[in-house]
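Enquirer: give me a 3D structure for the following:
(chains A and B)
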2 protein chains.
Amino acid sequence: MSTLVQPILLSDSEIEQLKKEVGRDTLMGKAIAKSIKDVEAFMKLPLEVPGHGEAGGYEHNRHKQNYTYMNLAGRMFLITGDDRYAKFVRDLLAMYADLYLTFDFHVQKNTNPTGRLFHQILNEHVWLMFTSLAYSCVAATMSEEERQNVVDRLFNPMLDMFTVKYGHDFDRIHNHGVWAVAAVGICGLAVNRREFLEKSVFGLENNGTGGFLAQITQLFAPSGYYIEGPYYHRYAIRPLCVFAEVLHRHMPELDIFNYKDGVIGNTVEAMLATAYPNGQFPALNDASRTMSINDAGVQVAVSQYAKHYGINDNLLGMAKIQDSVWVHGCGLELSQAFEKATDVGLPFWPSVELNEGPNGDRGAQGFMRVQDKNKDVFQLVMNYGQHGMGHGNFDTLGISYFNRGKEVLREYGFGRWVNVEPKFGGRYLDENKTYARQTIAHNAVTVDETCQNYFDVERADSVHGLPHFFAADNEQIVGMSAFANEHYDGVQQQRSVFMFKHDDLEAPLLIDLFRLTGEGEHQYDYSHQFDGQVIRTNFEYQAHKELNVLSEELGYRHLWNVAQGEANETALVSWLQEDSYYTWLGTSSNDNGEVIFTRTGANDPSFNLRSEQSFILRSKGEDTLFASVLETHGYFNEEFEQSVSARGSVKNIQVVGHNAQASVVEIETETSRFTLMVSNDPQVTKDTTNNAEIAGKNYSWVGCFAIEQETL
Amino acid sequence: MSTLVQPILLSDSEIEQLKKEVGRDTLMGKAIAKSIKDVEAFMKLPLEVPGHGEAGGYEHNRHKQNYTYMNLAGRMFLITGDDRYAKFVRDLLAMYADLYLTFDFHVQKNTNPTGRLFHQILNEHVWLMFTSLAYSCVAATMSEEERQNVVDRLFNPMLDMFTVKYGHDFDRIHNHGVWAVAAVGICGLAVNRREFLEKSVFGLENNGTGGFLAQITQLFAPSGYYIEGPYYHRYAIRPLCVFAEVLHRHMPELDIFNYKDGVIGNTVEAMLATAYPNGQFPALNDASRTMSINDAGVQVAVSQYAKHYGINDNLLGMAKIQDSVWVHGCGLELSQAFEKATDVGLPFWPSVELNEGPNGDRGAQGFMRVQDKNKDVFQLVMNYGQHGMGHGNFDTLGISYFNRGKEVLREYGFGRWVNVEPKFGGRYLDENKTYARQTIAHNAVTVDETCQNYFDVERADSVHGLPHFFAADNEQIVGMSAFANEHYDGVQQQRSVFMFKHDDLEAPLLIDLFRLTGEGEHQYDYSHQFDGQVIRTNFEYQAHKELNVLSEELGYRHLWNVAQGEANETALVSWLQEDSYYTWLGTSSNDNGEVIFTRTGANDPSFNLRSEQSFILRSKGEDTLFASVLETHGYFNEEFEQSVSARGSVKNIQVVGHNAQASVVEIETETSRFTLMVSNDPQVTKDTTNNAEIAGKNYSWVGCFAIEQETL
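Expert: As a prediction, the model looks like this:
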C-alpha cells in the first residue's frame, strides 16, 4: 500500500473524545463549532485551483484558503463522521493533482525560491504541511487509485522539489527551514515514505547541520528567545509545535518534549511571557503591531504546552483570551481544565528577562510587570538584545509601555501592509527602512539625528546590549537597566527604567533615566511615541503655521515638525488616550531643553505610513542624563460625559546629578519628595553597598537602586 | 405629616417582582447586579459634600456621583431590603441639608443662572430630580424629624429657588426647562406639596405657556424630532420619560402616554430611529460623536416605550445592545420579553424621514437603511432640516454613512472635550465655531470657501432644506433628495443620494449626485471626511514637501493641504478603514477637477482638534453636477494577515448631463453599465412620467428616479 491511511495527529480514542465535545459550550465545543461554520461557508463556493498570481492577490489567497479549509475539513470529517467534509478534501486534492505539474514555477522576483503554486516556496511548505495532515484524515475513504494519483502527481513531486531542486535551502537554520522540515516530514509520513521523515529530523546529510533537531538546537537562546525575533517566533511556532507533536507520536524514541532540557516548552513559555496582558504581542524589533495570542499557531502552542508541560493560571488566562483551543487531543486537555476552573482572570505573567544569542550572552529583552490596585497589569518592555540575523531594528534601549488595556509608549511596528496587494503586493515598504526601523521612530534617544549602528547590518550584528540589572522582586519598585556602549561611535548609553507604586499615586509610575556619556557635544533626541489628544503642557510652544520636516535625515524626513518650544525647566506633556490620562514630566541635566511635537506623514507620497504622534525632548551637551516620569491617572468616558482626575499628582522631576558611580533624581508630589538613587556601575549587584557623591552630597544605599521618601 | 413616605416610581407589587430578579441572568438581573456593584464601590468612599468647584472639576463630579448613587441606592434598598443603602441616602441627604444653605450661589460666568451646588442650575435640577426620587424610596425609614430637616433645609429652598428666584426661567421651552419641571414636580410630590406638581405640569401661570404639557407640545415636530436637535434630545429624554412615568402614576387623569396622539412614544421612536445599527447616534448638527443608546436616559426610554407602547424586534435588538434595562417596572417588562425571545438580532429600523419644525414643514432629517447579503445594515443620513434654536450647524445637505459597524463618511461632531477640565473647563471650544461647525468640516459642498448661511444665526434660522423625494420601498435602489436654495446667495443646491444593490457588487453602493446652479462662476469644494489609510488613487498628485493651510478662510484655516492633484477624468480614492476597503469614484460636469487631501490640525495651538482626514473634489464652474459612488468591498485583518478584494468592482462613473428637468449619470462595472436618471423637478412624485433630453438623447422613466442596466 502506498500510504498510511491513519490520521497522523489523532488517535481513535482522541477522536472519540472530541466527538463528545460537539455542541457543548466548552472551549473545544466552541472551537469545533467555529471550524464547522467556517468550513461550511467555504464549501459553499465552487472548488477552485487557480494559477499564478501576485503575493497577496486573489490566487495566493485562494490557495491559502484551500489548505486552511482542507486542514479543518479533515478533522471535521473525523469528528462528525460527515463524508461531505472528506469529499471536499478528496475532490480538491484530486484537482490539485490534475493541475499541479501543469503549472510552471513562478517567475522569481526576489531572493526567495519560487514554487508552482506560490511566489515563494515558504508558502508551498505551508500548503504541504496542512494538506498532508488533511490527506491523512481522509485517506481511508479514498480508493487506492485515488490515493496513488494524489501521491504521484502532487505529494511526491513536492517532496522532490523541496529536497532536491531546493535541497540547498532545506537545511537552512531559519523560520523557513522549520516550515520546510515540518512539511516534508509530515508529508513523508502521510505517503508512507519514512525516509523523508528521517531527513526532516536529522537533515539531508544526517550530520546534525540541518533538520528539525538542528533547528530547535540553534534557533533559540537559552532563555527560549527566538533568534530571528518575535515576529518570526510566532510564525515558526506553528510548524514547530505541530511537528513536535507528530514526532511525539511517530518517533517517540526522540522524547521530543524533553529534548535539550525541554527546549520546545521553554520557547513556548518565552514567547507567551512576552505578551501584553490583553494577549497582544509587543511589536518588538520590526514586527507587526497587531499580532496576538489569538493567532492559530499560538493556540496550538498554548494547547500543546498545557498537555505536555502542565497547566497553570496564566495558561488558563490565555485560553480565556483565545476563547478557543487547538482542535486536537492537546486542546481537549486544556478545554477540560478550563471547564473545571472557576474565576479565571487575565494572565499576569511574572517579569522575565529573556537572554539572547546561542549562549545567552548577547544581551536580552526585559519584560517587567506590576499590578495596580485594580489588578490591572502594567507592562514595561525594554530591548537590550541583538539585531537578529538581518531581521530587526538597528537600535537597542528602546522601550514600550502598556497599561489599562493599551500600549501607551508605542512601537510603530513594521512598515508594511501585509497581504494588501495594492500596497506593493503586501511586501515590506521602503518606509520600513526610511522610517519604521530608524531610531527616531522608537522610544529611545537618537544621537545627532542618526540611527544606531548607522543602519549597517554587519555592524548591528556585531554588537548587542549589556544587561546591567533586572530587579523585579520588590513590591514597591521594580527596575531594569542596560548599557549600549557600541551602538554610536564615541557615545555610551545607559537606560534604567522603573515602575514605582506608592499611596500618593493612583497607579504605578514609570520612571526613566537615560544617560549618555562620551566624547564631545552631541544633540540628543529623547523621543516618545504616543497616541491620543494632547491635553496640556507647562511650557510655551509655537504651533507652526506651516509644517516642515524635522530634518532631511533618515527617519526625520518623515516627521512633520508640528510644534516646538523651549523647556529649560521640567517639561510637562499631558494627553488623553482613550479612557485614561497620561502625564509625562521630563528633564535633562543640561539647561537647553526643547520639546518638539511631531507627526508622521512627511515625504510619504503613497500614504504608506500611519499618521502617528510623538514628542521629543531635545537636549545638547556632552554627558547628559535624561530623567522622566510617566503618570497614569484619571478616567474619561465621552459617551457618559465622565472625566475624573484629569491632572496627575506628580509635580516635578529633577536631576540632582550623575556620574560614573550613580545617578540621583528627585520626584515631587503634593505631599512627598522621592529621591531615586541608581548605580551606574556595570558590576553592581543587589548586595553592593553604594556610596556616591552627587552634587556635593553623599548618597548611600545597598543594591542596584533605592528610593527614599521625604514628607513635605 | 410633611411628606409622602411612598416611593414615587415603584409600587409594592413592582418591588416584589423586582426582588425576584436578584441574582438572575436576565437583563434586569444584570442591571440590578451592576447597580449594586456600583453603589457598593461608591459607598466604600467617605461621604462628602464638597463646596464650589469648576465645571467638570472634582466638586462638580462629586455632586454628580452623589445624586447618581443616591438614586441607585434608593431603589437597591427597596429591592434588597438592605438598610445600608437607605442609610447611605439618609446620611448623605442629612449632610446636604446641613450644608446647603451655607453655600452661596456660584459666581455667574456665562448666561446660565447659577446654583448653590453647581455653576448652572441645570445641574442642580438634575441633582434635585434624582435626589427626590431617592428620598421617596427611603423616607419611610426616616424619623419625622429627619424628614423635616431635609425638607426644610434642602428641598424647600430648592423649590423656592427654582420657582421664585429663577421663576422667569422655569417656563422656558427648552431642554433646561424639561429638567426644571421634572425636578420640581417630582420634588413637590416627594415633599407632599402637590402645588409644585401642578406648576410643573401646567406652568407657573397655569396658562399653557409653560410646564410639562407645554414643553411636550412645543418641543417636537410632528415626526417626533426634537427641535433643539439630537444632542439635546438625548439630554432631555430622561426627565421627559421619568416625569411622564410619574404623571402616569400620580396624575392619571392626564393619560400622559396618549397625550397629543402619544407624543411621548412618538418622540422616543423618532430618537431611536436615528441610531446607527450598532446603537450609536449620528453626531448630527453639532452633537457628540460618541453618544449611543447605552445612555441611561435612552435605557429608560426604551424600557418605558416597551411597557406603554409595545415591544417589537427592534426594541429587543436595542435592549440586546444595551445589555440592560431601566431598574423599574417598565424595564422588567422588557427584560421578561427579552428572556422569552429567541435569536434576537441587531435592530434594523425602517428608513424614516423626520420632518422638522412645529408644523413639520421646515425640512427634515432623512435616515435610510438597507441590508447587505450578510444582514449588515448600511445607513445613510442626510440633513435637510433647520438650524435649531441657536444650536446646530449652519449648513444643510450634509450626509453621513455607516456600514460594517463604523461610520465611513464621518461627522466630526462638536469641538469640545466634555467635562475635561483642562480643556477650557470641558466647555465648547473656539474651534467648534472656527472648524467643527463650518461647512467644509461636513460631507457637503462648500461654495467659495464660505460656510452656508455665512455663519449667521438669524439667517440660518430663517431658512431650511426643502424635501424633494424620499423613496425607501424599492428592493434594488432607495433614494432621498432635497434642495437648499437659500443657504448661499445666488446658488441653489440639490443633493440626491441612493443606495443601490446589485449582483455585480459585493455590497450596496452609495451613489451621490450633488447639483449646484445659479449665477456666475464659483469654486465648489465637494468634501469627504474619512478615516483610515489611503490605499490607492488613479491620478497623479503632489504630496507636499511643506504643509500649508488650505486657505485662510474659516474652517479652511484648520486644514493642512497634505497633497493635491488634477483629476479631470473620474477620480478614484481608495482607503482601508479597519477591516473594510472603500473605493470612491467621483467626477463633475466640469473639466477642471482637482483632488485635495487634507488633515485637521492647522492653527490649533492648543491641540483642541482631533487629527482627521478628508479629501475634496474641487471644481469651478457655473451650473455643476458632482456625481460619485462609494463602494464597500473586501476584508482585511492584519493580525491574521488576511486581505481579500482590495480593489472594488466599479470601474467608472460619468455625468451624461443635467438640466432643470433631470440629471443622468452612468456607472460602469466590469460587466455592466448602469444609467441612473434622477428628476430635478421639485414637484416630481412617484407617479410622474419623466421625459428628459440630456446630451442630445431622450431619457424617459416613471417616478422620482430610475436605474437601467446594460450588459457589457
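
Enquirer: thought residue A:691 was touching residue A:702, still the case?
Expert: No: counting by C-beta atoms under 8 Å, residue A:691 is not a contact partner of residue A:702; they are 10.4 Å apart. From N, CA and C alone the C-beta is placed, and that goes for glycine too.

Enquirer: which SSE is whichever residue of the stretch 101-250 of chain A sits closest to chain B in?
Expert: Closest contact between the stretch 101-250 of chain A and chain B, by C-beta to the nearest C-beta, is at residue A:235 (9.7 Å). In this assignment (DSSP states H and E), residue A:235 forms part of helix A:230-250.

Enquirer: how about that helix: buried residues?
Expert: For helix A:230-250, burial by neighbour count (16 or more other C-beta atoms under 10 Å in any protein chain shown) applies to A:230-248, A:250.

Enquirer: what does stretch A:663-677 give?
Expert: In terms of neighbour count (16+ other C-beta under 10 Å), stretch A:663-677 has its buried residues at A:663-669, A:672-677.

Enquirer: just stretch A:392-405 next, same as before
Expert: Residues of stretch A:392-405 classed as buried by neighbour count (16+ other C-beta under 10 Å): A:392-404.

Enquirer: can you redo these as a markdown table, where the extra columns are distance to chain B, pLDDT and secondary structure?
Expert: Shown next, in a markdown table, are the buried residues of stretch A:392-405 (distance: C-beta to the nearest C-beta, whole Å; pLDDT from 0 to 100; DSSP: H, G, I helix; E, B strand; the rest coil):
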| residue | distance to chain B | pLDDT | secondary structure |
| --- | --- | --- | --- |
| A:392 | 19 | 85 | coil |
| A:393 | 19 | 91 | coil |
| A:394 | 24 | 93 | coil |
| A:395 | 24 | 92 | coil |
| A:396 | 26 | 95 | coil |
| A:397 | 27 | 98 | coil |
| A:398 | 22 | 97 | coil |
| A:399 | 23 | 98 | strand |
| A:400 | 18 | 98 | strand |
| A:401 | 21 | 98 | strand |
| A:402 | 17 | 98 | strand |
| A:403 | 20 | 98 | strand |
| A:404 | 17 | 96 | coil |
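
Enquirer: might you report the residue contacts of residue A:396?
Expert: If you count contacts by C-beta atoms under 8 Å, 6 or more residues apart in numbering or on different chains, residue A:396 has them with A:363, A:383-385, A:452, A:464-465, A:482, A:484, A:487.

Enquirer: among those, which one lies nearest to residue A:202?
Expert: residue A:385 (30.4 Å; C-beta to C-beta).

Enquirer: how many residues are close by the closest one?
Expert: Neighbourhood size, residue A:385 [other C-beta atoms under 10 Å in any protein chain shown]: 28.

Enquirer: tell me the contacts of it?
Expert: Contact partners of residue A:385, counting by C-beta under 8 Å, 6+ apart, are A:225, A:285, A:354-356, A:362-365, A:396, A:464-465.

Enquirer: for those residues, which one is nearest chain B?
Expert: residue A:285 (17.6 Å).

Enquirer: so the closest one sits against residue A:393, correct?
Expert: Yes: the criterion here is C-beta under 8 Å, and residue A:285 meets it with residue A:393 at 5.3 Å.

Enquirer: pLDDT value on residue A:465, please?
Expert: Listed pLDDT for residue A:465 reads 97.

Enquirer: next, count neighbours for it.
Expert: Residue A:465 is flanked by 27 other residues according to other C-beta under 10 Å.

Enquirer: and what of residue A:144?
Expert: Other residues near residue A:144 come to 11 when the count uses other C-beta under 10 Å.

Enquirer: ok, residue A:549 next?
Expert: 18.

Enquirer: and it, how far is that from residue A:346?
Expert: Per C-beta to C-beta, to the nearest Å, residue A:549 is found 42 Å from residue A:346.

Enquirer: thinking again about what came up before, my guess is the residue of the stretch 101-250 of chain A closest to chain B contacts residue A:298, does it?
Expert: No: the criterion here is C-beta under 8 Å, and residue A:235 misses it with residue A:298 at 10.7 Å.

Enquirer: where along the stretch 101-250 of chain A do the strands fall?
Expert: With strands called from DSSP state E, counting those that start in this stretch, the stretch 101-250 of chain A shows none.

Enquirer: give me the secondary structure label for residue A:528.
Expert: Assigned state for residue A:528: strand (three-state reduction, DSSP: H, G, I helix; E, B strand; the rest coil).

Enquirer: what residues are bridge-paired with it?
Expert: Judged by DSSP bridges, the bridge partners of residue A:528 are residue A:615.

Enquirer: show me where pLDDT drops low in the stretch 1-150 of chain A?
Expert: Residues of the stretch 1-150 of chain A meeting the criterion pLDDT under 70: A:1-4.

Enquirer: sorry, slip of the keys, the one I care about is chain A.
Expert: Confidence mapping of chain A against pLDDT under 70 gives the ranges A:1-4.

Enquirer: only alpha carbons, please: show the longest helix seen in it as CSV.
Expert: In chain A, assigned by DSSP state H, the helix with the most residues is helix A:58-80. Taking Å, rounded to 0.1, in the frame of the first residue of the first chain, the C-alpha atoms of helix A:58-80 are listed here in CSV:
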residue,chain,number,x,y,z
TYR,A,58,-6.6,36.5,-5.4
GLU,A,59,-4.9,33.4,-6.4
HIS,A,60,-2.5,33.5,-3.5
ASN,A,61,-5.4,33.9,-1.1
ARG,A,62,-7.3,31.1,-2.7
HIS,A,63,-4.5,28.6,-2.3
LYS,A,64,-4.2,29.7,1.3
GLN,A,65,-7.9,29.3,1.9
ASN,A,66,-7.8,25.9,0.2
TYR,A,67,-5.2,24.5,2.6
THR,A,68,-6.7,26.2,5.6
TYR,A,69,-10.1,24.6,5.0
MET,A,70,-8.8,21.2,3.9
ASN,A,71,-6.9,21.1,7.2
LEU,A,72,-10.1,21.9,9.1
ALA,A,73,-12.3,19.7,7.0
GLY,A,74,-10.1,16.6,7.5
ARG,A,75,-10.6,16.9,11.2
MET,A,76,-14.2,17.8,11.0
PHE,A,77,-14.7,14.6,9.0
LEU,A,78,-13.2,12.6,11.7
ILE,A,79,-15.1,14.3,14.5
THR,A,80,-18.5,14.5,12.8
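
Enquirer: same for that helix, what does it pack against?
Expert: helix A:12-19, helix A:27-43, helix A:83-99, helix A:121-138, strand B:642-644 (3 or more C-beta pairs under 8 Å, 6 or more residues apart in numbering or on different chains; DSSP states H and E).

Enquirer: closest to residue A:425 out of the ones you listed?
Expert: Closest among the helices and strands packed on helix A:58-80, using C-beta to C-beta: strand B:642-644, at 10.7 Å.

Enquirer: what residues sit buried inside the helix or strand just after that closest one?
Expert: Next helix or strand after strand B:642-644 toward the C-terminus (DSSP H and E): strand B:650-658. By 16+ other C-beta under 10 Å, the buried positions in strand B:650-658 come out as B:650-658.

Enquirer: who's in contact with the residue lying closest to residue A:233 once chain neighbours are set aside?
Expert: Once flanking residues are discounted, residue A:233 sits nearest to residue A:226: 3.6 Å by C-beta to C-beta, 6 or more residues apart in numbering or on different chains. Going by C-beta under 8 Å, 6+ apart, residue A:226 touches A:219-220, A:232-233, A:236, A:267, A:270-271.

Enquirer: same question for residue A:387.
Expert: Applying C-beta under 8 Å, 6+ apart, we find residue A:387 in contact with A:393-394, A:453, A:457, A:460-461, A:463-464.

Enquirer: mind checking which of those residues are in helices?
Expert: Of the positions in the contacts of residue A:387, A:457, A:460-461 sit in helices, assigned by DSSP H.
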